[in-house]
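> next comes the sequence, and after it the predicted model I'd like to discuss.
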Number of protein chains: 2
Amino acid sequence: MSKSNNVYKDAYNRGLRLLDETKSLPSEPELGVLLGVSRTTIRTILARMEETGLIAWNKRSKTVLRAPRPDDFFPEEETDTLSQIIERSFMRRLLAGGAEAGMQINELELAREIGVGTTSVREFLIRFSRFGLIEKRRNSHWVLKGFTRAFALELTEIREMFELRSAAAFAALPQDSAVWADLDLLEDEHRLLAREIATRFNEFSELDERFHRLIHRASHNRFIVDFYDVIAMIFHYHYQWNKAQERERNEVAVTEHLAYIAALKSRDLGKVDTACRKHLKSARHTLLTSIPEGQQPQQA
Amino acid sequence: MSKSNNVYKDAYNRGLRLLDETKSLPSEPELGVLLGVSRTTIRTILARMEETGLIAWNKRSKTVLRAPRPDDFFPEEETDTLSQIIERSFMRRLLAGGAEAGMQINELELAREIGVGTTSVREFLIRFSRFGLIEKRRNSHWVLKGFTRAFALELTEIREMFELRSAAAFAALPQDSAVWADLDLLEDEHRLLAREIATRFNEFSELDERFHRLIHRASHNRFIVDFYDVIAMIFHYHYQWNKAQERERNEVAVTEHLAYIAALKSRDLGKVDTACRKHLKSARHTLLTSIPEGQQPQQA
DNA sequence: ATAATGTCTTTTATCGTGAAAAAACATTTT
DNA sequence: AAAATGTTTTTTCACGATAAAAGACATTAT
């Protein structure tokens, strides 16, 4: 097993959804753009669609024969990239207990446990190291620094610095900038979510990320934009294992976002600063209270 | 050739220097700590030292028989890590011209050109990506973003934010903190260098890095500390290819550092801020003037 | 009994290999 | 002739294998 065909399977699944909408599929290059894969993969997909009787394929003509059934789809778990699989596996071990700071990480063991090659694990760890949770000892093992209170504080310190700056840059953007329309759209989504927060509170995470990324992008600084990956990763996994008061948390956050948006639209730097600080403060507080006390970082 | 023994060769070379100082070598574990390698490697080193008649080795006794000659040392280029080799090779291509922004980077081609496996190149690129100069297209090639004016501006923006904060944290450190002694030592080195700047100006880089790292460490924030790696990398390579006005540049910088150090020692936050800003401003200016104008980033 | 040396086992670093996917080139269709 | 399809080549991704290096265990010396 040298390389899984998850790119094909994922694109195939997404391709199935196109069948509902049209009576015949567009050209191969067009499909490639639509699904974000190469023509090679598109042709593999079309070949299978023909095989399973979904379409009749002859050169340019790709006629839809029937609507896709649930069993036409590849199972979800087969569409994940290896690095997603490794990441999930690793994060589960890290957050779902038993991961002490200072612990050493064994590439070979991890690889065996997850059932993948060592190369993939190595590459994952290298990529993951930028999150500041692990560190490599020169030609030796990796060391886990732990998801500690210190980590959360260091993370939020940078986050606050970056976001305050980005928010100020955002407010200073000219009126004809496209971001204002994006902001309006996000505002509407926030309003909608606020109204139905009782049932849809779990949809907030995704909205939250889009909102903050929009703001960070105004900094026009790749280091600031990229740093949001660290924040997003931490929030994503952390709140997956910590659902305490999720509804209340998100309800408060939506309200703060709306105030923050209003401040941005006022373009009054003072108001922006206040609203931003208020939101960041409660975000930090939420994160910190969810980390057990007394957990001290063990540094060499 | 599955793995070069550069760890051994480098440790061996460093080990040779120990022979000048003593008549007999310490125990194997002690040597391991001294040279930063495992006992396995120490024993390989001792075996060779015995073979070449440098020492007489019998269990605990490791008597020095003769002083090492120049030809006892392994050639410098054999002591480099693969990633160092790849990095140098890559940076030469990047900085020494011909590297347009938007250009695509081919792992296989790079690997062939340097004469290493693709895995090592891949791992290097992943590690290197945190410097913000390259970017990966999802399951496809890497794209060079280029060492442009925009890059330099984004880099210095973060640098200034981080250093101002670190400097303030430094000045606020209690009098009994060990850093003040470190600062005194660095001050002495600066004074010494300032006196002999005419001949030793090329030694400034190394001192510069140590000084700024000391300050950044005061932030107690891993993201700030780690970010200095980006700065150090850029400065290291950039000034290796750009020696224009090196002496003048460094002369000014030494003076600014001394003022900066004095400000820190005064523990007056206003003075620290002023001195720090002044130095950072001239550092930015120096970096920017060395980048050709009109070179625009090509973004998708 | 502590700390060294001697020996054996495990892990890391790197390569070559092969399938998946992308990209390039050639041919046909509109 | 522009854009599609058909075909071939190249590149990326991931694995298992192997030597270097680290680490663990057993034995011996002080």
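Yep, it's here.
> what does the stretch 1-150 of chain A put close to DNA strand D?
A:1-4, A:27-30, A:39-40, A:43, A:59-60, A:62, A:81-83, A:116-120, A:123, A:137, A:139-141 (CB under 7 Å from any atom of the strand). Using the backbone N, CA and C atoms, a C-beta is placed for each residue, glycine as well.
> one more time with 6 Å
For the stretch 1-150 of chain A, the contact set with DNA strand D under CB under 6 Å from any atom of the strand comprises A:1-3, A:27-30, A:40, A:59-60, A:81-82, A:116-120, A:139-141.
> buried subset of the residues you listed?
Buried by 16 or more other CB atoms under 10 Å in any protein chain shown: A:Glu28, A:Leu82, A:Val116, A:Ser120, out of these.
> longest helix in chain A, please.
helix A:149-171 (DSSP state H).
> in it, what's buried?
A:149-152, A:154-163, A:165-171.
> could you do stretch A:90-99 as well?
Buried-residue list, stretch A:90-99, by 16+ other CB under 10 Å: A:Phe90, A:Met91, A:Arg93, A:Leu94, A:Leu95, A:Ala99.
> and the gap between the fourth one and chain B?
A:Leu94 sits 16 Å away from chain B, going by CB to the nearest CB, to the nearest Å.
> wait, doesn't that residue sit right on A:Phe151?
No - here A:Leu94 does not reach A:Phe151: they are 11.3 Å apart, not a contact under CB atoms under 8 Å.
> show the backbone phi and psi for the residue nearest to A:Leu95 when sequence neighbours are not counted.
Using CB to CB, 6 or more residues apart in numbering or on different chains and skipping residues adjacent in sequence, the residue nearest A:Leu95 is A:Trp241, 4.8 Å away. The phi/psi pair for A:Trp241 (degrees, to the nearest 10) reads phi -100, psi 0.
> how near is A:Val230 to A:Ile224?
11 Å (CB to CB, to the nearest Å).
> more crowded one of those two?
A:Ile224 (25 against 17; other CB atoms under 10 Å in any protein chain shown).
> retrieve the pLDDT associated with the more buried one.
Note on A:Ile224: pLDDT of 98.
> residues touching it, list them.
If you count contacts by CB atoms under 8 Å, 6 or more residues apart in numbering or on different chains, A:Ile224 has them with A:Phe162, A:Arg165, A:Ser166, A:His216, B:Ile158.
> mind doing that once more with 10 Å?
A:158-159, A:161-163, A:165-166, A:169, A:215-218, B:154, B:157-158, B:161 (CB atoms under 10 Å, 6 or more residues apart in numbering or on different chains).
> quick check: it is in a strand.
No - read with DSSP: H, G, I helix; E, B strand; the rest coil, A:Ile224 is helix and lies in no strand.
> ok, for A:Leu258, nearest residue in space, not its chain neighbours?
A:His190 (5.5 Å).
> hmm, A:Ala96 is touching A:Arg88, no?
No - contact criterion CB atoms under 10 Å: A:Ala96 and A:Arg88 do not qualify, at 11.0 Å.
> and for the two, which residues touch both?
Contacts common to A:Ala96 and A:Arg88, judged by CB under 10 Å, 6+ apart, are A:Tyr237, A:Gln240.
> I'd like the average pLDDT over stretch A:55-71.
The predicted confidence, averaged over stretch A:55-71, sits at 97.
> got a list of contacts for it?
Outside stretch A:55-71, the residues that reach it (CB under 10 Å, 6+ apart) are A:13, A:15-28, A:31, A:43, A:46-54, A:72.
> near DNA strand C, which residues of the stretch 51-200 of chain A?
A:Arg60, A:Asn106, A:Glu107, A:Leu108, A:Glu109, A:Thr118, A:Thr119, A:Arg122, A:Asn139, A:Ser140, A:His141.
> just the residues you listed now: which is nearest B:His236?
Of all these, B:His236 sits closest to A:Asn139, with 21.8 Å by CB to CB.
> can you tell me the closest non-neighbouring residue to A:Arg14?
That would be A:Leu35: by CB to CB, 6+ apart, it lies 5.6 Å from A:Arg14.
> and the helices in chain A, which stretches?
With DSSP H as the criterion, chain A has helices spanning A:6-21, A:28-35, A:39-51, A:82-95, A:107-114, A:118-128, A:149-171, A:179-195, A:197-200, A:204-217, A:222-240, A:246-266, A:269-289.
> just to check, A:Gly15 is in contact with A:Leu25?
Yes - between A:Gly15 and A:Leu25 there is a contact under CB under 10 Å: 8.4 Å.
> between those two, which contacts overlap?
A:Leu31, A:Leu34, A:Ile42, A:Ile45, A:Leu46, A:Met49, A:Leu54.
> so which of those comes closest to DNA strand C?
Within those, proximity to DNA strand C (CB to the nearest atom of the strand) peaks at A:Ile42, which comes in at 7.7 Å.
> residues near that closest one, how many?
24.
> cool, and A:Leu25?
Neighbours around A:Leu25, by other CB under 10 Å: 25.
> contacting residues around A:Arg210?
A:Asp182, A:Leu185, A:Leu186, A:Glu189.
> check what pLDDT the residue lying closest to the first one once chain neighbours are set aside gets.
What it means is A:Asp182. Excluding the flanking residues, the one nearest A:Asp182 by CB to CB, 6+ apart is A:Leu214, at 5.7 Å. Here the pLDDT value assigned to A:Leu214 is 98.
> next one: A:Tyr228
98.
> can you check A:Gln299 too?
pLDDT at A:Gln299 comes out at 39.
> on that earlier part again, closest to DNA strand D among the contacts of A:Arg210?
Looking across the contacts of A:Arg210 and measuring by CB to the nearest atom of the strand, the closest to DNA strand D is A:Asp182, at 29.8 Å.
> neighbours of A:Glu256, just the number please.
18.
> now it: how far from A:His190?
10 Å.
> which residue is the nearest non-sequential neighbour of A:Glu113?
A:Glu113 sits nearest to A:Ser89 (CB to CB, 6+ apart), 7.5 Å away.
> so how far is DNA strand D from that neighbour?
Taking CB to the nearest atom of the strand, to the nearest Å as the measure, A:Ser89 falls 12 Å from DNA strand D.
> I'd like to know how many residues surround that residue.
A:Ser89 is flanked by 17 other residues according to other CB under 10 Å.
> what number of residues lie near the closest residue to A:Asn242 other than its chain neighbours?
Leaving aside its sequence neighbours, A:Asn242 sits nearest to A:Ser290 (CB to CB, 6+ apart; 4.9 Å). When neighbours are counted by other CB under 10 Å, A:Ser290 registers 15.
> residues touching the residue lying closest to A:Ile158 once chain neighbours are set aside, list them.
Closest residue in space to A:Ile158, ignoring its immediate chain neighbours: B:Phe223 at 4.8 Å, by CB to CB, 6+ apart. Contact analysis of B:Phe223 by CB under 10 Å, 6+ apart lists A:130-132, A:151, A:154-155, A:157-159, A:161-162, A:227, A:230, B:162.
> what's the closest of those to DNA strand C?
The closest of the contacts of B:Phe223, once distances to DNA strand C are taken by CB to the nearest atom of the strand, is A:Arg130, at 16.8 Å.
> low-confidence stretches in chain A?
Low-confidence segments of chain A, defined by pLDDT under 70: A:1, A:97, A:293-300.
> against the centre of it, work out the most remote residue.
A:Asn58 (39.2 Å; CA atoms, centre = their mean).
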